[in-house]
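J.: need a 3D model of the sequence below.
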Amino acid sequence: MPARDIAILLLICAVWAGNFLTSAFALQEIPPFLFTALRLALLSALLVPFLQRPAPGQWPRLVTVALCNGVLHFGLSFWALKAAGNLASPAIVMQSYVPMAALLAWFALGERFGWRTGVGIAASFAGVLVLGFDPLVLQSPESVVIMLISAAFLAVGTVLMRGLVGQSLFSVQGWTAVLGVGPLFAISFAFEPDAAAAFAGASWIGWGGVAYSALVSSLLGHGLYYTLIQRHPVAVVTPWLLLAPVGAVILGMLFWGDRPGPRLFVGGAMVLGGVLVIALRAKTRHRPAPPASDA
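T.: As a prediction, the model looks like this:
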């Protein structure tokens, strides 16, 4: 890739890494499902002009993608980020959706993969186990479980997206927001009793986190990503995006007070190394690599 596109990739990674930090600050004021609902509400208002009518028979798939990616993945991932109390483990564990998507594509679509991809999948899952025993993670081990469930829903949504036709990335993003915002507000109303008070009392930090997540992370980050995958194969772009969780770990250490131990670094290297192997093998075999996720 030319230097210009590499610079764009680095900007995307910086933007997505920053989303973990700004969201963590915002989640101190706004409960996670309300935060996600507000993010998607803002996106809905901005992306309505980009919506494309689904092809005949595509509505069930599109609705399922929106529920998996918008409601369950994002809602649970922000819950995990709040529960974790650190940025490092959620940012790394989220990447486990890539080996999950590879396994789902094998099981549901009959896609085959070689032994190197299999090693990458095994290394990623083993890495989650290793980092799970780091003292930083053991302070709130439930956050890893929540993030793994979130990653599983993203993997399902990722595989289902491959069957969508006639939809641009912005249209899928728009439908995810439009179809997801109602269920998210309902979940927040039912299970977050402090949501109304949080909405009324949020400071510029909370609202700034919502704005950053919607406008900078989603619109700018995914917009630039969409531009790059129009120029280059997805499998060429994807390996670079592993710098985003690395950036989140660094931001956590600099601005959030994270103090990861050796197990987190070793486990994180195993997870990201396994994901890198999967992405590179997808590039070699000319299969589409799973798209990236910011948070």
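
J.: could you pull out the helices for the stretch 51-200 of the chain?
T.: 59-66, 74-84, 88-93, 97-109, 115-131, 135-138, 142-161, 169-191, 195-201 (DSSP state H, counting those that start in this stretch).

J.: the second one - contacts with which helices or strands?
T.: Contacts defined by 3 or more CB pairs under 8 Å, 6 or more residues apart in numbering; DSSP states H and E place helix 74-84 against helix 3-26, helix 32-47, helix 88-93, helix 142-161, helix 169-191. No exception for glycine: its C-beta is placed from N, CA and C like everyone else's.

J.: so where's this structure uncertain?
T.: Within the chain, the ranges that satisfy pLDDT under 70 run 283-295.

J.: separation between the residue of it most remote from its centre and V172?
T.: Largest separation from the mean C-alpha position in the chain: P56, at 28.7 Å (CA atoms, centre = their mean). Here P56 is placed at a distance of 17 Å from V172 (CB to CB, to the nearest Å).

J.: hey, which of the helices of the stretch 51-200 of the chain is tucked in deepest?
T.: Sort these by mean neighbour count, taking mean count of other CB atoms under 10 Å, and helix 88-93 sits at the top with a mean of 30.

J.: now could you export just the CA positions of that helix as CSV?
T.: Provided in CSV are the C-alpha atoms of helix 88-93 (Å, rounded to 0.1, in the frame of the first residue of the first chain):
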residue,chain,number,x,y,z
ALA,A,88,-6.3,-3.8,28.1
SER,A,89,-8.3,-7.0,28.6
PRO,A,90,-11.5,-5.9,26.8
ALA,A,91,-9.6,-4.5,23.8
ILE,A,92,-7.7,-7.8,23.4
VAL,A,93,-10.4,-10.3,24.2
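
J.: distance from it to the middle of the chain?
T.: Averaging C-alpha positions (CA atoms, centre = their mean, to the nearest Å) puts helix 88-93 11 Å from its chain's average.

J.: show me what that helix is packed up against.
T.: Using 3+ CB pairs under 8 Å, 6+ apart, helix 88-93 is in contact with helix 3-26, helix 74-84, helix 115-131, helix 135-138, helix 142-161, helix 243-251, helix 262-284.

J.: mind doing that once more with 6 Å?
T.: Counting contacts by 3 or more CB pairs under 6 Å, 6 or more residues apart in numbering; DSSP states H and E, the secondary-structure elements packed against helix 88-93 are helix 74-84, helix 142-161, helix 243-251, helix 262-284.

J.: ok, which of the ones you listed comes nearest A17?
T.: helix 243-251 (3.0 Å; CB to CB).

J.: ok, residues contacting that closest one?
T.: The contact list for helix 243-251 (CB atoms under 6 Å, 6 or more residues apart in numbering) reads 13, 16-17, 20-21, 87-88, 91-92, 95.

J.: who wins for most neighbours among those residues?
T.: In terms of neighbours by other CB atoms under 10 Å, the contacts of helix 243-251 top out with I92 at 31 neighbours.

J.: quick one: the closest residue to it other than its chain neighbours from Q95, how far?
T.: The shortest distance from I92 to any non-neighbouring residue, by CB to CB, 6 or more residues apart in numbering, is to G268 (4.5 Å). Going from G268 to Q95 by CB to CB gives 9 Å.

J.: any idea how far the residue farthest from the centre of the chain is from A282?
T.: For P56 relative to A282 (CB to CB), the value is 30 Å.

J.: count the residues that sit near the closest residue to V119 other than its chain neighbours.
T.: Setting aside the residues directly before and after it, V119 is nearest to V277 in space (CB to CB, 6+ apart), at 6.6 Å. Neighbour count of V277, defined by other CB under 10 Å: 20.

J.: from what I can see V277 touches I121, true?
T.: No - between V277 and I121 there is no contact under CB atoms under 6 Å: 8.5 Å.

J.: relative to M1, how far out is the closest residue to A151 other than its chain neighbours?
T.: Of all residues beyond its chain neighbours, the one nearest A151 is Y97 (3.8 Å), with distances taken as CB to CB, 6+ apart. According to CB to CB, Y97 stands 24 Å off from M1.
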